[in-house]
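[1] Everything below, folded, please.
(chains A and B)
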Amino acid sequence: MNTLQQIRFIWKPLVFLACLLPALLVVGAAFEVTGNLGANPIEAILDRFGNWALRFILLTLAITPLRRITDWNWLSRFRRMLGLFTFFYAFMHFLTWLILDRELRLSDILEDLTERPFIALGSIAVVLLSALAVTSFTAIRRRMGRNWQRLHNAAYLVGILGVWHYWWQVKKDVTEPLIYAAILAVLFAARLVWHWHRKKKWGQ
Amino acid sequence: MLIKKPADIRSSEITSETNYLNRRDFIRAGAIAGGSLLAPAAMAAVVPEQRLARLANVADSPFSTDETPNSFEDISTYNNFYEFGLGKDDPAVQAENFKPRPWAIEVAGHAEKTGTFDFDEFMKPFDLEERIYRMRCVEAWSMVIPWVGISLADVVKHFQPTSKAQYVAFETLNDRGQMPGLSGRSLDWPYREGLTIAEATNPLPILAVGIYGNSIPNQNGAPIRLVTPWKYGFKGIKSIVKISFTSTRPKTSWNMAAAREYGFYANVNPSVDHPRWSQARERRIGSGIFASKQETLMYNGYGEHVAHLYKDLNLRRNF
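    Next up, the predicted model:
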């Protein structure tokens, strides 16, 4: 097997399973096989999916800077998968809110969206992620041409909205949102530095 | 390999829920059979020092709800007590080595009797009662908890507040050595709460010293905490070391932290929403993943006892 085949047939399935593990653990905990969800299971499910969505958007955004620093070009082969897992966990978080928490009551859903800005922010992030997920197929990417990259730059916006959503939701202690925000800031700084270098190079 | 940690509470010391419920039936049956002949004489409140020890001479109360109480597991592992961490499962772990004895309670301010009292001395004049109350958290979840405690009205009267006493203020222990959460600045310590004198002399509020017939676990506010069932749970200040009678409204912790979100009164009110949580409905802990939420009742269903306290108050402004 050459490197590409190794990535495709060995590493991708392994990474896929690893990414799925947190979701399997939530399902396992719901049936009290892998621990349990505590006294308020719905809150626990919401928190776990939400946290993983944030971790995956940061991982996805970290791929490109990491690839530039290390020159490990194979990293980019995993970017789409990580992005789709961001969508998966964010969407599960969204569905948990919609079905288990709000019980599909339209009045409750509208009240949350209009009166709780953090929920509106999170919902915008899910809508954006859905658009990115739908356009993630290679065929669509080709057909979209330069617009594809324009659209997919929204991944940065998703990162900001996600961390902001978490920050506003927290009742008192913002330590965890702060950690996510700091990582996001580092990722942005890395891109800025790289962008600045490239400009300088081309200017000469 | 599974390493079993020895439990420091023998299982024989814990009343199971079924036994507990049977016990209540037994007491009721006894009360009917014995009639007024066996009416218990008022007994001084004695709270054993031993952890989760059985409380004796606990009278039933007409204020108790018939709803099924939450399991001891739910009550003792899911609660907010920021002095022991911010997660709801933190207090059960971090309060493990907390020492609820020796304990002193200072009574201060506009009252005839003031001073610092040892816990046993403080408790002596009062009778223990079981009060099974609904507990509604501002975070839109609720439980039913079988508290054992003493009437706050009795306590207030005992210390004979003067006419200047308009409010009763409470403070939690502020001991960094024992309460790891105090090193974080999540709230302005010590935790503070307060009631108007009319609220404090209402028959509903209690100072709780037990749950499920045993002395109260550390994580739930040992050795003594406030319970005001018609208010959001954060009014229920835990591990109380100071009670003062004041002429002005005392500062209260969550109100100091975010006045727009947490008012002084904090009465349960389904029609006044919180910026983070709709208060119209609540999730009853222990009802399972697919159970739907239930409607939240005005004053958490205790309106007949407390609504008159607020008849001249704009509840939207005084939330």
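
[2] Give me the three-state assignment for the residue in chain A positioned nearest to chain B.
    The minimum distance from chain A to chain B, using Cβ to the nearest Cβ, falls at A:A39 (3.4 Å). Quick note: C-beta positions are derived from backbone N, CA and C, even for glycine. Following DSSP: H, G, I helix; E, B strand; the rest coil, A:A39 is assigned to coil.

[3] That one contacts B:D74, doesn't it?
    Yes. Under the criterion of Cβ atoms under 8 Å, A:A39 makes contact with B:D74 at 4.4 Å.

[4] more neighbours, those two?
    Using other Cβ atoms under 10 Å in any protein chain shown as the criterion, A:A39 and B:D74 rank with A:A39 on top: 22 against 18.

[5] And the closest residue to the more buried one other than its chain neighbours, how far from B:G221?
    Nearest residue to A:A39 in three dimensions, chain neighbours excluded: B:Y78, at 3.4 Å (Cβ to Cβ, 6 or more residues apart in numbering or on different chains). Noted for B:Y78: a distance of 14 Å to B:G221, by Cβ to Cβ, to the nearest Å.

[6] Now the common contact residues for A:A39 and B:D74.
    Common neighbours of A:A39 and B:D74 (criterion: Cβ atoms under 8 Å, 6 or more residues apart in numbering or on different chains): B:285-286.

[7] which residues in chain A form helices?
    Assignment of helices within chain A using DSSP state H yields the ranges A:3-6, A:12-30, A:41-70, A:79-95, A:106-115, A:117-134, A:138-144, A:146-152, A:154-169, A:175-203.

[8] For the residue of chain A closest to chain B, give me phi and psi.
    Backbone torsions of A:A39, given as degrees, to the nearest 10, read phi -70, psi -30.

[9] which residues touch it?
    Counting by Cβ under 8 Å, 6+ apart, A:A39 makes contact with B:73-74, B:77-78, B:88, B:285-286.

[10] And what about the closest residue to B:W254 other than its chain neighbours, helix, strand or coil?
    Excluding its sequence neighbours, the residue lying closest to B:W254 (Cβ to Cβ, 6+ apart) is B:Y262, at 3.7 Å. Under the three-state scheme (three-state DSSP), B:Y262 adopts coil.

[11] Tell me, how many residues neighbour B:Y262?
    By other Cβ under 10 Å, the residues close to B:Y262 number 20.

[12] Find me the pLDDT at residue 137, would you?
    All of this is about chain A. On pLDDT, A:F137 comes in at 94.

[13] wrong chain, I was asking about chain B
    On the pLDDT scale, B:C137 is placed at 97.

[14] Nearest residue to it in space, please, no chain neighbours.
    Of all residues not flanking B:C137 in the chain, B:G233 sits nearest, at 4.3 Å (Cβ to Cβ, 6+ apart).

[15] Next, count neighbours for the one you found.
    Look at B:G233: counted by other Cβ under 10 Å, it has 22 neighbours.

[16] likewise the one 5 residues further on?
    The local packing of B:K238 (other Cβ under 10 Å) involves 28 other residues.

[17] Now do the contacts for the closest residue to it other than its chain neighbours.
    Take B:K238 and drop its neighbours on the chain: the residue closest to it by Cβ to Cβ, 6+ apart is B:G221, 2.8 Å away. With contact set as Cβ under 8 Å, 6+ apart, B:G221 has these partners: B:81, B:208, B:236-240.

[18] okay, the contacts of A:A39 in JSON lines with distance to B:H305, pLDDT and secondary structure next?
    What follows is the contacts of A:A39, written out as JSON lines (distance: Cβ to Cβ, whole Å; pLDDT from 0 to 100; DSSP: H, G, I helix; E, B strand; the rest coil):
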{"residue": "B:E73", "distance to B:H305": "30", "pLDDT": "94", "secondary structure": "helix"}
{"residue": "B:D74", "distance to B:H305": "26", "pLDDT": "95", "secondary structure": "helix"}
{"residue": "B:T77", "distance to B:H305": "30", "pLDDT": "95", "secondary structure": "helix"}
{"residue": "B:Y78", "distance to B:H305": "27", "pLDDT": "96", "secondary structure": "coil"}
{"residue": "B:K88", "distance to B:H305": "29", "pLDDT": "93", "secondary structure": "coil"}
{"residue": "B:I285", "distance to B:H305": "24", "pLDDT": "96", "secondary structure": "coil"}
{"residue": "B:G286", "distance to B:H305": "25", "pLDDT": "93", "secondary structure": "coil"}
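
[19] of these, buried ones?
    Among these, those buried by neighbour count (16 or more other Cβ atoms under 10 Å in any protein chain shown) are B:74, B:77-78, B:88, B:285-286.

[20] just to revisit the earlier point, test my guess that the residue nearest to A:A39 contacts B:I285.
    Yes. Using Cβ under 8 Å, B:Y78 is in contact with B:I285, at 6.2 Å.

[21] residue contacts, residue 155?
    Going with chain A. By Cβ under 8 Å, 6+ apart, A:A155 lies in contact with A:57, A:60-61, A:83, A:132.

[22] Chain B, not that one
    When contacts are counted by Cβ under 8 Å, 6+ apart, B:V155 touches B:126, B:207, B:243.

[23] Flag the shaky bits of the chain, pLDDT-wise.
    Here I'm looking at chain A. Counting by pLDDT under 70, chain A shows low-confidence ranges at A:202-204.

[24] Not quite, go with chain B.
    Chain B contains residues with pLDDT under 70 at B:1-43.

[25] switch the cut-off to 80
    Along chain B, segments meeting pLDDT under 80 span B:1-45.

[26] could you point out the longest strand in it?
    Longest strand in chain B by number of residues (criterion: DSSP state E): strand B:141-151.

[27] and B:A104, what does it touch?
    Contacts for B:A104 (Cβ under 8 Å, 6+ apart) come out as B:116-119, B:241.

[28] Can you name the residues of chain A sitting close to chain B?
    Residues of chain A lying near chain B by Cβ under 8 Å from any Cβ of the partner chain: A:30, A:37-43, A:45, A:100, A:103, A:108, A:111-112, A:115-116, A:118, A:169, A:171-173.

[29] what does the stretch 51-200 of chain B put close to chain A?
    The stretch 51-200 of chain B comes close to chain A at residues B:73-74, B:77-78, B:82, B:86, B:88-89, B:139, B:141, B:184, B:186-187, as judged by Cβ under 8 Å from any Cβ.

[30] Tell me the one among those nearest to chain A.
    When these are ranked by distance to chain A (Cβ to the nearest Cβ), B:Y78 comes first, at 3.4 Å.

[31] who's in contact with the closest one?
    B:Y78 makes contact with A:38-40, B:88-89, B:285, according to Cβ under 8 Å, 6+ apart.

[32] Quick check: the two most widely separated of the residues you listed?
    Spatially, the most separated pair among the contacts of B:Y78 is B:D89 and B:I285, at 12.8 Å (Cβ to Cβ).
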